[in-house]
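[1] Structure for the following, please:
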Amino acid sequence: MIWLIVLGVIVALLVIVAIYDLVQTKHAILRNYPIIGHLRYLLEKVGPELRQYIVTDNDEERPFNRDQRRWVYASAKQQNPYFGFGTDSKLDSPQHVLIRQAGFPYRPDEHRPDEHRPDEHRPDENGSSDAEAHTVASLKVMGEWRDRPGAFRPASIVNISAMSFGSLSGPAIEALNRGSKLAGCLHNTGEGGVSAHHRHGGELIYQLGTGYFGARGSDGRFSIDAMMASIESAPVRAIEIKLSQGAKPGLGGVLPGSKVTEEIAEARGVPVGITVASPAYHAEFSNIAEMIEFVERLAEVSGLPIGIKAAVGQMDFWRELADAMVESGRGPDFISIDGGEGGTGAAPLVFSDHVSLPFRSGFADVFSTFARAGIQDRITWIGAGRLGFPGEALVAMGLGTDLINVGREAMLAVGCIQAQKCHTGHCPTGVATQQKRLIRALDPTDKADRTANYVAALRHDLRRLAHACGVEHPGLVSGHHLELLEDGVTTVGLWDRFDYDPSWHLASGSPG
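    So this is what the prediction gives:
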């Protein structure tokens, strides 16, 4: 008897749905195929998940394929990251990276434990980690050429890229910051200001975007006093002026008032519940001379190294900046180049697909410009844009980067599954959302360990690749060690591909 009632209810519901489908006018599929037409929309909705786990090959998906995600997850969980039965990558694909190993690899000091395992981030019995002893040090002192009081040598060549509180959840930011402390690496705040979630021991790069969040006066304009109040109570080691990012260069952003919670408002220095905009331009400067003045003003007041971050578009900007730095002896201490592949920020498809150069081309163009001006050694070079894997990171080092920033790869380490719902607020793992019911699943303590494990594993593999090439440090890898496939058969040296002069790296202390 009960099953007849249940069956009757089901039939009645289907009849109601069918009637609705027949009379509605918005969807032709449903009007022509009532009830069964809903299957199309269901498959369309779950299609990305089906492709991600069932349909696509291991190296097909973008932005990160299954092999890449598996490597990050295994490294973050300290599981076996090895792959058996050979590679399934297409080794004859154009632009595939080939690393020429040495006949006699570099022989490391057998008494240094970090030469042989990737867990050097682990804190000692007092709860602190010895970053200087156990991490790969940058070859340069950031801020040295301008003699900044806060000049320092970064302890790790792998660091956490700019992802703000607001775009990521509080627990995700906390996990990244705690993980940065464990790994002895730097954590970029993103343009959302310094929040409580950034204050768990990880050293910070404070990013100053066009909205001047965390550095705004009562009139909404930039206030150096407000900026100093934000950073003086936090372990900020440098300040990065964001000009643009790889996800949407030349385009501003809007944070809807519905997302401006009390916590986010406090970190950004904006009213609660009011929509705030990040314009595409800076109000404090509009040309090279004014930008350099702004850089020097920030440095004078803070004493910290000051840098700029940008995606690469028209080269006039970079030529003018290099010429101005040669003439004045002033300017940024570090330059962070974000490739067009970068994508932690949501963006219109046309901007993601077509605006700004990919990392290799963009970075090589900028580095070459400064090298021809003879000042590449004054600057600490930072690269970002899908560089969080050993092969791509080594190419970036070969092109001249001193430091690698990882963004989405670090998100994967804290639990991201590449659901690509960052812009919707419905991230299923609680990483890129502010919904309490979703972020409750993210344990920042556990994910901090995974962040540190991933950073350490990337550094470890970079070091092993350098040793395979016969050199001690990844910064010593040169164009002689790296080649790119041109047409599936012909190869070209990395420096030849981008018209590098070998003397440039000799000048910067990175001989080949």
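
[2] which element is residue 173 on?
    According to DSSP states H and E, residue 173 maps onto helix 170-183.

[3] what helices or strands is that helix leaning on?
    On a contact count with 3 or more C-beta pairs under 8 Å, 6 or more residues apart in numbering; DSSP states H and E, helix 170-183 meets strand 158-160, strand 187-188, helix 408-413, helix 436-439, helix 444-468. Where C-beta positions appear, they are placed from N, C-alpha and C, glycine not excepted.

[4] try it again with 7 Å
    Using 3 or more C-beta pairs under 7 Å, 6 or more residues apart in numbering; DSSP states H and E as the contact test, the elements touching helix 170-183 are strand 187-188, helix 444-468.

[5] what about the strands in this structure?
    Taking DSSP state E to define them, one finds strands in the chain at 97-99, 158-160, 187-188, 204-208, 236-242, 253-255, 276-278, 306-311, 334-338, 380-384, 403-406, 482-485, 491-493.

[6] Contacts for the longest one next, please.
    Which is strand 236-242. Contact with strand 236-242 is made by 142, 150, 152, 186, 188, 191, 203-209, 298, 302, 304-309, 334, 336, as judged by C-beta atoms under 7 Å, 6 or more residues apart in numbering.

[7] Check the offset of the helix holding residue 173 from the chain's centre.
    Offset of helix 170-183 from its chain centre (C-alpha atoms, centre = their mean, to the nearest Å): 14 Å.

[8] how about CSV for the strands of the chain, with mean pLDDT added?
    As requested, these are exported to CSV (pLDDT from 0 to 100):
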stretch, mean pLDDT
strand 97-99, 90
strand 158-160, 97
strand 187-188, 98
strand 204-208, 97
strand 236-242, 97
strand 253-255, 73
strand 276-278, 80
strand 306-311, 96
strand 334-338, 96
strand 380-384, 96
strand 403-406, 96
strand 482-485, 91
strand 491-493, 89
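
[9] of these, which approaches residue 436 most closely?
    strand 253-255 (18.2 Å; C-beta to C-beta).

[10] about what we covered before: extract the C-alpha trace of the helix holding residue 173 and format it as PDB.
    Coordinates of each C-alpha in helix 170-183 appear next as PDB, following Å, rounded to 0.1, in the frame of the first residue of the first chain:
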ATOM      1  CA  GLY A 170      40.300  32.800   6.300                       C
ATOM      2  CA  PRO A 171      41.300  29.200   7.100                       C
ATOM      3  CA  ALA A 172      42.900  28.900   3.700                       C
ATOM      4  CA  ILE A 173      45.000  32.100   4.300                       C
ATOM      5  CA  GLU A 174      45.900  30.900   7.800                       C
ATOM      6  CA  ALA A 175      47.000  27.500   6.400                       C
ATOM      7  CA  LEU A 176      49.200  29.200   3.800                       C
ATOM      8  CA  ASN A 177      50.700  31.500   6.400                       C
ATOM      9  CA  ARG A 178      51.300  28.700   8.900                       C
ATOM     10  CA  GLY A 179      52.800  26.600   6.100                       C
ATOM     11  CA  SER A 180      55.100  29.400   5.100                       C
ATOM     12  CA  LYS A 181      56.500  29.600   8.600                       C
ATOM     13  CA  LEU A 182      57.100  25.900   8.600                       C
ATOM     14  CA  ALA A 183      58.700  26.000   5.200                       C
END
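
[11] That one vs helix 444-468, what angle?
    Helix 170-183 runs at 40 degrees relative to helix 444-468, counting by axes from the mean of the first three to the mean of the last three C-alpha atoms, to 10 degrees.

[12] could you measure residue 194 against residue 175, distance?
    16 Å (C-beta to C-beta, to the nearest Å).

[13] tell me the contacts of the residue lying closest to residue 433 once chain neighbours are set aside?
    Excluding the flanking residues, the one nearest residue 433 by C-beta to C-beta, 6 or more residues apart in numbering is residue 427, at 4.1 Å. Residue 427 sits next to 419, 421, 433, 438 when contact means C-beta under 7 Å, 6+ apart.

[14] most surrounded residue in the residues you listed?
    residue 433 (23 neighbours; other C-beta atoms under 10 Å).

[15] and it, how far is that from residue 158?
    Counting by C-beta to C-beta, the gap from residue 433 to residue 158 is 26 Å.

[16] do residue 227 as well
    From residue 227 to residue 158 the distance is 27 Å (C-beta to C-beta).

[17] Residue 177 too?
    Distance from residue 177 to residue 158, by C-beta to C-beta: 15 Å.

[18] which residue is nearest the middle of the chain?
    Geometric centre of the chain, nearest residue: residue 407, 2.4 Å, by C-alpha atoms, centre = their mean.

[19] Can you give me the pLDDT of that residue?
    pLDDT, residue 407: 91.

[20] Next, give phi and psi for it.
    phi -120, psi -80 (degrees, to the nearest 10).

[21] Is it in contact with residue 164, as I believe?
    No: using C-beta atoms under 7 Å, residue 407 makes no contact with residue 164, being 11.2 Å away.

[22] got a list of contacts for stretch 298-312?
    By C-beta under 7 Å, 6+ apart, stretch 298-312 touches 142-143, 146, 148-151, 224, 228, 236-246, 249, 295, 332-338, 340, 356-357, 362, 365-366.

[23] Would you mind checking those residues for buried ones?
    142-143, 146, 148, 150-151, 224, 236-246, 249, 295, 332-338, 340, 356-357, 362, 365-366 (16 or more other C-beta atoms under 10 Å).

[24] how close does residue 73 sit to residue 179?
    15 Å.

[25] the more surrounded of those two?
    Legend: neighbour count by other C-beta under 10 Å for residue 73 and residue 179, higher for residue 179 (31 against 18).

[26] how close does residue 245 get to residue 369?
    On the measure of C-beta to C-beta, residue 245 and residue 369 end up 20 Å apart.

[27] ok, now residue 208?
    Residue 208 sits 24 Å away from residue 369, going by C-beta to C-beta.

[28] more neighbours, these two?
    residue 208 (27 against 19).

[29] can you pull the contacts of that one?
    215, 239-242.

[30] Go again with 6 Å.
    residue 241 (C-beta atoms under 6 Å, 6 or more residues apart in numbering).

[31] I'd say residue 371 and residue 504 touch.
    Yes: the pair residue 371 / residue 504 is scored as a contact, 4.1 Å apart, by C-beta atoms under 6 Å.

[32] Would you quantify the distance from the closest residue to residue 18 other than its chain neighbours to residue 10?
    Using C-beta to C-beta, 6+ apart and skipping the chain neighbours, the partner closest in space to residue 18 is residue 34 (4.2 Å). Relative to residue 10, residue 34 is positioned 15 Å away (C-beta to C-beta).

[33] Among those two, which residue is more densely surrounded?
    residue 34 (19 against 10).
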